[in-house]
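A.B. asks: return atomic coordinates for the entry below.
(one chain, ligands or ions: 1)
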Amino acid sequence: MARVGFIGLGNMGGGMAANLAKAGHEVLAFDLSQPALDRASANGCTIAESAEAAVAGAEAVVTMLPAGKHVADVYRSNVLKNVPKSAILMDCSTIDVATAKSVEAEASAAGFTMVDAPVSGGIAAADAGTLTFMVGGSADGFERARPFLEQMGKAVIHAGGPGAGQAAKICNNMLLGATMAATCEAFVLAEKLGLDAQTFFDISSKASGQSWSMTSYCPVPGVGPETPADRNYDGGFAAVLMLKDLKLAMEAAREAGAYTPMGGEAEELYQRFVERGGGSKDFSALIKMIDDSWVAEADKG
Ligand code: NAD
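C.D. replies: Have a look, this model is predicted:
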């Protein structure tokens with residue numbers, strides 16, 4: 001078992017660090033938030049007084065931070081200056097491809113092995129240890145990261161070189177955002193044309209309009225398998241996080257010169273939904289803005 005420095009113990013990182021501790025690692029955990037530290041302590045982690053203390057002497061480092069600027073700052077200011085060169089560095093945050101590549105390049109130039117390993121699966125999967133990891137980095141980096149990632153997830157896939165994990169994550173989520181928006185539109189139009197939602201689901205989920213958004217995550221309550229739509233769109237994958245991933249995808253598309261009009265349209269729709277107070281709802285609640293029935297909690301009086 002190894003000594004693991006873990007930085008970022010929020011909604012996702014808290015459960016991930018707990019699973020590493022449960023697997024028998026000595027997890028030295030750091031976060032800026034005291035409640036996050038208290039939870040990590042209750043879950044078998046040792047609390048470090050600083051990011052430097054968390055990574056000193058570590059054989060592996062995991063970071064699970066909000067965005068690219070936090071990751072770049074933590075690696076430049078803390079990790080790369082204090083961790084032994086022999087440690088494997090794993091950033092599991094969802095961040096922009098350009099920052100993922102530049103931080104890896106700095107780590108590599110300083111003699112470290114680093115992978116980007118963003119995850120698919122939400123807070124429940126982080127707690128249960130059933131995340132899917134998409135890993136970018138060298139073959140050696142992937143093999144060294146794999147045993148740790150397997151203790152936090154159900155699938156660990158090598159996507160390619162540095163930044164490829166982030167690229168896979170945002171391409172997948174751009175597709176998801178666009179198919180969810182299209183699925184919401186199709187249900188709204190079907191209803192206006194007099195079709196019963198269940199009947200439309202039975203047809204389309206077996207026909208060529210089928211997608212995961214339709215068949216496994218239907219945005220209409222009472223139709224298909226149980227989803228956040230059946231729980232007033234609470235829990236699940238928050239619309240604000242979908243918007244974050246769509247923005248990352250559009251930023252990457254601009255830099256790469258890719259034409260992504262559907263992704264752009266999805267970004268605009270989610271931006272509007274978040275501005276109208278839907279950010280904390282599951283991303284499938286977009287259907288309520290499309291059918292014009294959305295009333296934000298704040299406006300309900
Ligand atoms: P979160 O905001 O709950 O947690 C982030 C944690 O990082 C916070 O506890 C914060 O205090 C800490 N932090 C920020 N700056 C720090 C610093 N300099 N040093 C130490 N700690 C610092 O976010 P989350 O929901 O856990 O998401 C983390 C990452 O995972 C994000 O990139 C997110 O996009 C991605 N993600 C989230 C989900 C989800 O469903 N929540 C799903 C997949 C991926």
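
A.B. asks: which SS state does Ala155 fall under?
C.D. replies: With DSSP: H, G, I helix; E, B strand; the rest coil as the basis, Ala155 sits in strand.

A.B. asks: what's the neighbour count on it?
C.D. replies: The tally of other residues near Ala155 (other C-beta atoms under 10 Å) stands at 13. Glycine gets a C-beta too; all of them are placed from N, C-alpha and C.

A.B. asks: who does the spatially closest residue to it that is not a sequence neighbour form a beta bridge with?
C.D. replies: In space, and not counting its chain neighbours, Ala155 is closest to Thr132: 4.4 Å by C-beta to C-beta, 6 or more residues apart in numbering. Taking DSSP bridges as the rule, Thr132 bridges to Ser120, Ala155.

A.B. asks: same check on the one 4 residues further on?
C.D. replies: When bridges are assigned using DSSP bridges, the partners listed for Gly136 are Asp116, Gly160.

A.B. asks: next, count neighbours for the residue nearest to Ala155.
C.D. replies: Neighbours of Thr132 under the rule other C-beta under 10 Å: 17.

A.B. asks: so what's it up against?
C.D. replies: The neighbours of Thr132, taking C-beta atoms under 8 Å, 6 or more residues apart in numbering as the test, are 119-121, 153-157.

A.B. asks: now it: how far from Leu9?
C.D. replies: Distance, Thr132 to Leu9, by C-beta to C-beta, to the nearest Å: 21 Å.

A.B. asks: also Gly165?
C.D. replies: As judged by C-beta to C-beta, Gly165 and Leu9 stand 21 Å apart.

A.B. asks: ok so, going back, can you pick the most crowded of the contacts of Thr132?
C.D. replies: Gly153 leads these on contacts (other C-beta under 10 Å) with 24 neighbours.

A.B. asks: ok, the residue nearest to Lys81 when sequence neighbours are not counted - contacts?
C.D. replies: Sequence neighbours aside, Glu52 is the residue nearest to Lys81 in space, at 7.6 Å (criterion: C-beta to C-beta, 6+ apart). Going by C-beta under 8 Å, 6+ apart, Glu52 touches 78, 81-82.

A.B. asks: try Gly13
C.D. replies: 6-7, 31, 36, 62, 64-65, 92, 126.
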